[in-house]
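J.: Quick one: sequence plus predicted model below, questions after.
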Amino acid sequence: MTTAHSDAQKKKVNYNALEWLDEDVDFLSSHDENDAFESLFKEQEATASSVKEGQVVSGKIIELKDDSVVIDIGHKSAGEVPKSEFGHQAAQALKVGDFVDVYVEVFEDDEGDLVLSKDKADMLKAWDRISEAFERNELVEGKIVGRVKGGLSVDIGVKAFLPGSQVDLRPVRNLERLLGQFLQFKIIKFNKKRGNIVLSRRAILEQDRDRLRSETLKGLQVGAAMAGVVKNITDYGAFIDLGGIDGLLHITDMSWGRLNSPAEVLNVGDEINVKVLSFDPNSNRVSLGLKQLHADPWVSVAEKYTPNQRLRGKVVSLTDYGAFVELEPGVEGLIHVTEMTWNRRIKHPSKIVNIGDEVEVLVLAVDLENHRISLGMKQTEPNPWELVLQKYQVGDVIRGKIRNITDFGVFVGIEEGVDGLIHVSDISYTERIKHPQDVYKKGDEVEAKVLQIDIENMRFSLGVKQLGEDPYEVASKKFVPGSKAKGKVTRLTDFGAFVEIAPGVEGLAHTSEIDPATAVVDAEIEFVVLSVDPVERRFELSQKAASRGLDENHTKVIQTALKQADGNSPQNSISEAFARAKARD
């Protein structure tokens, strides 16, 4: 319409009566565009007003710069985020048009720029995700990134604390070995305000263990064969994880053979098959066996090993009384120390064999009931004692070197493995020898006479004094009861005087038979022999009988001694005094 109207006239216009011409369509179109722009402006204004500082919003990447990413969040201006906040790989994959979540720090900083943060957006989202997982009792995954006091630090989007007691079902000594591992955890404590998150891996393992235990118990029965994992090794055995429940595999049930330590056959982490030997449902105690999965080798021992059979085996153990030899895995025999060598003087088996030595043995006896096999080593060689019996006879004179000296005698080497003993009492007829080492030393060559050869008891007796004539026998032939002679007083005692009647031979004159005035040490006195005891090697003398003559008592003693010349000694006061003197010496 071309006519201009005043405001009053405008108010009176009836728009309903107007008729629009074709040329007015442009006006209508322009009016619609204004309405659309206004609507868009209002929408943007509403969006802008809904975004507040401290919120996480989704923004669109509108430009990629060298070091930053320009993001539009619908505000009057765009904001920039450093590429370093995206990570190197993620930053390489960004492209214009992608939408990312960012945190609005401030709309305008000192320079009037919008400040956004990708790191803080990720952190807030992580806290929300963790809070939701905690409320729903869900598991979270994280990476163990550090060792801290009392436990470990875990990255689950934010830093969380894993106490050492919550790492595993059992205490873990070396926590550092878990660094860098990705694991699942249960949140057992959560405080967003304080930024405190406590995790537990043990809670998950306990749930898994309880589930496995219930499943394992269903199939657990005595005699069943089961698979397990070696969990721990001790000196007396190993604990096997059967699946939520542990069983003890004792060292004696690991092998039919000898084991010094479970570590010889098992390592922690080994997967093995075991047999259930016993099970207590009240205490959940399980005893396991490994050797029971294989046949007992002793079942066929009677067929394989018989007496007098020669074998070879390995020495696996030494004791004070012998050596154990393994004949096959699970079958051992004992070589007693007395069966190692024909020479019995062995203090310890280690003088003959060592652990690991391979030896030849002879089966002596088999005891199936007690699982014992007696073995011998010396039986594989000729018995030197049989050779000795062929080579030597009683009365022979031999020469040999002293191999050993004891308080009761000296051992002289006769043949390899055979020693002869010169007892201290067979060294001298006349000398009182307290210890053989006072006369001999090791390595001395001596001459001796063979006194006895006892093959059964492996004894070879020698004597040195027997090489000469026994002065007591010579003296007993010369000084018969009733004979008169002279001798030198060698000792005085409270019961009498000892008189040397021949070199190295003494007789005793009782106090009642001596003259105290003349019977002094080194004095020569005259005596009468009252009795002779060749067995006890005693001569009973009387000084008074020589000086005053024989009285009735002397005569009776002499007559009794002559009647008992067969060697039986008369029991009288003089002989008793002689015995006391000998005991005192």
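T.: Arrived safely, thanks for sending. Bear in mind that the values here come from a model prediction, so they are computed numbers and not experimental data. Numbering: from 1, shown residues only.
J.: Restricting to C-alpha, output stretch 97-109 in PDB.
T.: Provided in PDB are the C-alpha atoms of stretch 97-109 (Å, rounded to 0.1, in the frame of the first residue of the first chain):
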ATOM      1  CA  GLY A  97      34.300 -31.600  13.200                       C
ATOM      2  CA  ASP A  98      35.000 -34.100  16.000                       C
ATOM      3  CA  PHE A  99      33.200 -33.500  19.300                       C
ATOM      4  CA  VAL A 100      35.200 -33.700  22.500                       C
ATOM      5  CA  ASP A 101      34.300 -33.100  26.200                       C
ATOM      6  CA  VAL A 102      36.000 -30.200  27.800                       C
ATOM      7  CA  TYR A 103      35.900 -28.500  31.200                       C
ATOM      8  CA  VAL A 104      34.900 -24.800  31.300                       C
ATOM      9  CA  GLU A 105      37.300 -23.100  33.600                       C
ATOM     10  CA  VAL A 106      36.300 -19.400  33.000                       C
ATOM     11  CA  PHE A 107      34.400 -17.600  30.200                       C
ATOM     12  CA  GLU A 108      36.800 -14.800  30.100                       C
ATOM     13  CA  ASP A 109      40.300 -14.600  31.600                       C
END
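J.: Would you mind listing the buried residues in stretch 542-557?
T.: Buried residues in stretch 542-557, defined by neighbour count with 16 or more other CB atoms under 10 Å: Ser542, Gln543, Lys544, Ala545, Ala546, Leu550, His554, Val557. Just so you know, the C-beta spots here come from the backbone N, C-alpha and C atoms, and that holds for glycine as well.
J.: end to end, how far does that stretch reach?
T.: 11 Å (CA to CA, to the nearest Å).
J.: now swap in stretch 192-212 and tell me
T.: For stretch 192-212, the end-to-end distance is 35 Å (CA to CA).
J.: cool, and stretch 363-373?
T.: 7 Å.
J.: Next, report how far it is displaced from the centre of its chain.
T.: 29 Å (CA atoms, centre = their mean, to the nearest Å).
J.: Could you do stretch 443-461 as well?
T.: Centre to centre, stretch against its chain (CA atoms, centre = their mean), the figure for stretch 443-461 is 47 Å.
J.: now stretch 507-526
T.: 75 Å.
J.: Check which residues of that stretch are buried.
T.: Gly507, Leu508, Ala509, His510, Glu513, Ile514, Ala519, Ile525.
J.: before we move on, back to that, next step: the buried residues of stretch 542-557 restricted to helices.
T.: Residues of the buried residues of stretch 542-557 located in helices (DSSP state H): Gln543, Lys544, Ala545, Ala546, His554, Val557.
J.: What backbone torsions are found at the closest residue to the second one other than its chain neighbours?
T.: Right, the one you point to is Lys544. Leaving aside its sequence neighbours, Lys544 sits nearest to Glu513 (CB to CB, 6 or more residues apart in numbering; 5.3 Å). Dihedral pair for Glu513: phi -110, psi 10, per degrees, to the nearest 10.
J.: wouldn't Glu513 be in contact with Ser547 here?
T.: No - if you go by CB atoms under 8 Å, Glu513 and Ser547 don't touch, sitting 10.5 Å apart.
J.: picking up where we left off before, can I get the buried residues of stretch 542-557 in a markdown table with pLDDT?
T.: Listed next are those as a markdown table, based on pLDDT from 0 to 100:
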| residue | pLDDT |
| --- | --- |
| Ser542 | 91 |
| Gln543 | 89 |
| Lys544 | 87 |
| Ala545 | 86 |
| Ala546 | 86 |
| Leu550 | 80 |
| His554 | 84 |
| Val557 | 81 |
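J.: ok, those residues vs Ser214, which is closest?
T.: Val557 (104.4 Å; CB to CB).
J.: Assess the claim that the closest one and Val532 are in contact.
T.: No - Val557 is not in contact with Val532 according to CB under 8 Å; the separation is 11.4 Å.
J.: and for those two, which residues touch both?
T.: The contact sets of Val557 and Val532 overlap at Pro481, Glu540 (CB atoms under 8 Å, 6 or more residues apart in numbering).
J.: for the residue nearest to Lys544, what are its contacts?
T.: Glu513 neighbours (CB under 8 Å, 6+ apart): Gly496, Leu530, Leu541, Ser542, Gln543, Lys544, Ala545, Ile574.
J.: Report the mean confidence score over whichever strand or helix holds the second one.
T.: Following DSSP states H and E, the helix or strand that holds Leu530 is strand 524-533. Computed over strand 524-533, the mean pLDDT rounds to 90.
J.: The residue nearest to Phe182 when sequence neighbours are not counted in helix, strand or coil?
T.: Nearest non-adjacent residue to Phe182, counting by CB to CB, 6+ apart: Lys143, 5.2 Å away. Judged by DSSP: H, G, I helix; E, B strand; the rest coil, the three-state class of Lys143 is strand.
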